[in-house]
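S.K.: this is the structure alone, sequence omitted:
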């Protein structure tokens, strides 16, 4: 089979995997804390895209019964249900991380991981 | 429809890379907001309207507002 | 140098994942292994068993309602956690904002 | 009726968490008493559940009265009920301690929040052990990771914020990897129920191996990140050192173990031992565990902060558990289970007795223990017993755990790990013994002049005495616990 | 922000957004949507109000006490619905078998406990979003 066709066929899965890795790359390489949080969000959407793509069906319809439907082909409703939960969870984690960023900025005066490490090394623990 | 799907995924990947490379956090978040909106469009194409609605309201709306709120209290530029 | 190395590692990881994806059962039709009896049961019987015509809502709020309860608990946790971080005002001497 | 007990426990914990802010407005003392009574109730019902499960059979609980392939299912087997008992007991002991300890950085308006988070965390831990559904497990994992980070950052000092940030970040990467693994498994089976999934995996291994390999790798890495298995342990010392002492105790004694238990559940129930071993993952875990045993101890020796030292010591002890698990034999599993419980008791005793030292001296330095054995004899005796247990001196539970691991290693003919165990124990002795010598043998004239010792609340002393006694009890009569563990393994 | 145009347009828009959010919540079991998206929309409308009219006025409208009650209330609705099933003698969170009225499929008043749960989720999500936003923009320095 033609490789291009394969790619087009699996484009959602490939996209999901790529977004997961791009997000992970952002988290690993960037030192800015807010960038790291965005990276986590991108990772999350990558996984969600992968999940939703599993449920998709060529020529299917969204799983909602309407009047006058006869033997419709529905897409898989389970991934949608799971991802609804997943999105809300990822928002909660994001907000908690953001609140920590605010506090880190107020107490240390920086949101850069490298500078943070330097400041923390200079300060002798005083308790 | 298949072509549109491919274009959307490519757009998403480009957006994600752009977010990573932008030094200005404000622009990065605006791009991320657009990314979320495109993601919800993609989910509409994949026949998951419930998820698309939620993502449009939460991912593109609330999350970016929260990011803006935090940026207004911290720094705008990445070193 | 280090950055390029990390990037190469990620690109290799992507190719491994992509290679795996090509051998996965990804065809988007009803012969996919994930489209099994459970899904068929949901689609055929959701309206009788739960009364909801939106099957996703039936799954979210009835078949897998306990997940949704867990998710509302996550939201509650987020509020308590954010409150515990941001609620108590800082004293003046604990703050050191460096304005440039 | 008994089949409804697990869910009633969960709902009671959840309702308690929700109601704390409202009851607190009436009287905070009433909240504490109510929480304590509730925890006792949960413990008693856990005992009943365990007796029922051991004698009659597993409790299978279907939510919404749907069959297991449709809805969410709880499966309360001896494994789940024994470890809920363990979690509940330790949580109750630490709860009693926390009601007396009001110094370590948490300010009084935050107390109600602390207990909300505490009960939510218990809710999630009970749920994770009972649950027989992968996605449900993921949701509970997220609750645990949020609450466990929040009880670190609740302290009003500067240090916890960066530590908590890093902890959440790595936790979230771990959760998303776990979710990715679930996606892989869902793709080939369409089931989320663990039992049904296991059937499809065993049959699908020949036709669709790639999904299963990816799932194993992603899930193992994700859970290792959360459980601080050796190369992924970087967050642990910071997080555990900067947390309030009760939080450190619960994080180190229970939360980390929960992730290992999830990993054990995955390996034994979902993937199966043969499949996991045929990929060579057991060797990887074995190497990680052995490296963790040595490296954790070496790092611990260089620390000046006592709580950081205990954190690194946790890394090395997790190595013991991982080695026991990676042997993939009944003996190894037996030692891993025993070590989980023994280390839970020991680490809780250590962190709580160090909490008393901090309460008294407001200092966490490894130096400065001179003469403390005469100032706070009870706390330092418990510290001594727990330290002996960590080193593995006979008559303590730690000795039995290491002995069992030695037998398991020997029967699997991995003789090199016998050496690793001995070296690690010697290293442990090298950093615990100086503290004990300083506390009991050296005399500090400065301390003796200070006759008026700050009085330590009984609510703080009683828990650590109970912990110290139970370490000795298990060390002298290990069969009390071994019988239960054998039952668990026989029915797994 | 002291722009009359923005203020009057916001006043005009917010009721529509809120009505749409409530519509989505209530129609969750017959059409796309449900507690999550509807709740998020309600929360966004309140965030918009905060942005335009300032945090103090918004706090007045959605006070600390109200948010506290709404947060716990969302979960309480959920748990109560679940416990009803236990009192009937069925497992937790049983729907029609526990005696919730089925109604006629496709109508708004149907599907037993699903609309109630959706309302609970909606309240929870909306109050969470607005409370979190308020907490993040609050001045925390004394």
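M.R.: Sure thing, it's come through. Predicted model, so just to flag it, every value in this text is computed and none were measured.
S.K.: contact residues of chain C facing chain D?
M.R.: C:17, C:20, C:23-26, C:32-39, C:41-42, C:62-67, C:70-71, C:73-74, C:76-78, C:80-81, C:83-85, C:87-88, C:94 (CB under 8 Å from any CB of the partner chain). C-betas here are computed from N, CA, C, even on glycine.
S.K.: what about whichever residue of chain A sits closest to chain B, neighbour count?
M.R.: At 3.7 Å from chain B, residue A:15 is the closest residue in chain A, using CB to the nearest CB. Using other CB atoms under 10 Å in any protein chain shown, residue A:15 has 26 other residues around it.
S.K.: and what of residue E:64?
M.R.: Residue E:64: 10 surrounding residues under other CB under 10 Å.
S.K.: ok, residue D:74 next?
M.R.: Residue D:74 has 24 neighbouring residues, counting by other CB under 10 Å.
S.K.: give me the low-pLDDT residue ranges for chain E?
M.R.: Counting by pLDDT under 70, the ranges of chain E that qualify are E:1, E:98, E:106, E:139-142.
S.K.: one more time with 90, if that's ok
M.R.: E:1-11, E:21, E:23-142 (pLDDT under 90).
S.K.: now swap in chain A and tell me
M.R.: A:1-12, A:28, A:30-32, A:51-78, A:80-81, A:84-85, A:88, A:102-127.
S.K.: which parts of it sit against chain E?
M.R.: A:62, A:64-65, A:67, A:84, A:87-88, A:92, A:95, A:98-99, A:102, A:106.
S.K.: if I look at residue D:346, how far off is residue D:42?
M.R.: Distance of residue D:346 to residue D:42, given as CB to CB, to the nearest Å: 23 Å.
S.K.: now do residue D:135
M.R.: 25 Å.
S.K.: quick one, what contacts residue D:320?
M.R.: If a contact means CB atoms under 8 Å, 6 or more residues apart in numbering or on different chains, then residue D:320 has D:289, D:293, D:339, D:343, D:401, D:402, D:405, D:421, D:424 as its contacts.
S.K.: wait, doesn't the last one sit right on residue D:316?
M.R.: Yes - under the criterion of CB atoms under 8 Å, residue D:424 is in contact with residue D:316, at a separation of 6.1 Å.
S.K.: so how many other residues sit close to the residue of the stretch 301-450 of chain D found nearest chain B?
M.R.: Relative to chain B, the nearest point of the stretch 301-450 of chain D is residue D:308 (28.7 Å; CB to the nearest CB). Residue D:308 is flanked by 22 other residues according to other CB under 10 Å.
S.K.: neighbours of residue D:124, how many?
M.R.: Residue D:124 has 29 neighbours, counted by other CB under 10 Å.
S.K.: residue D:357 against residue D:373, yeah?
M.R.: No - with contact defined as CB under 8 Å, residue D:357 and residue D:373 do not form a contacting pair (11.1 Å).
S.K.: farthest pair in the residues of chain A next to chain E?
M.R.: A:67 and A:106 (57.1 Å; CB to CB).
S.K.: neighbour count for these two, which is higher?
M.R.: residue A:106 (20 against 6).
S.K.: so out of everything in chain B, what residue is nearest chain C?
M.R.: For chain B, CB to the nearest CB, closest residue to chain C: residue B:50, 4.8 Å.
S.K.: can you pull out the helices in chain A?
M.R.: Shown for chain A, the helices assigned by DSSP state H span residues A:3-9, A:11-29, A:33-55, A:77-108, A:113-122.
S.K.: so the second one versus helix A:33-55, what angle?
M.R.: Using axes from the mean of the first three to the mean of the last three CA atoms, to 10 degrees, one finds that helix A:11-29 and helix A:33-55 are set 160 degrees apart in direction.
S.K.: roughly how far is helix A:11-29 from the heart of the chain?
M.R.: 9 Å (CA atoms, centre = their mean, to the nearest Å).
S.K.: same check on stretch E:41-56?
M.R.: The chain centre lies 14 Å from the centre of stretch E:41-56; the measure is CA atoms, centre = their mean.
S.K.: pick out the residue in chain A sitting closest to chain E.
M.R.: Using CB to the nearest CB, the closest approach of chain A to chain E is made by residue A:95 at 4.9 Å.
S.K.: so which strand or helix has the nearest residue to that residue once chain neighbours are set aside?
M.R.: Leaving aside its chain neighbours, residue A:95 sits nearest to residue E:132 (4.9 Å; criterion: CB to CB, 6 or more residues apart in numbering or on different chains). If you go by DSSP states H and E, residue E:132 is part of helix E:114-137.
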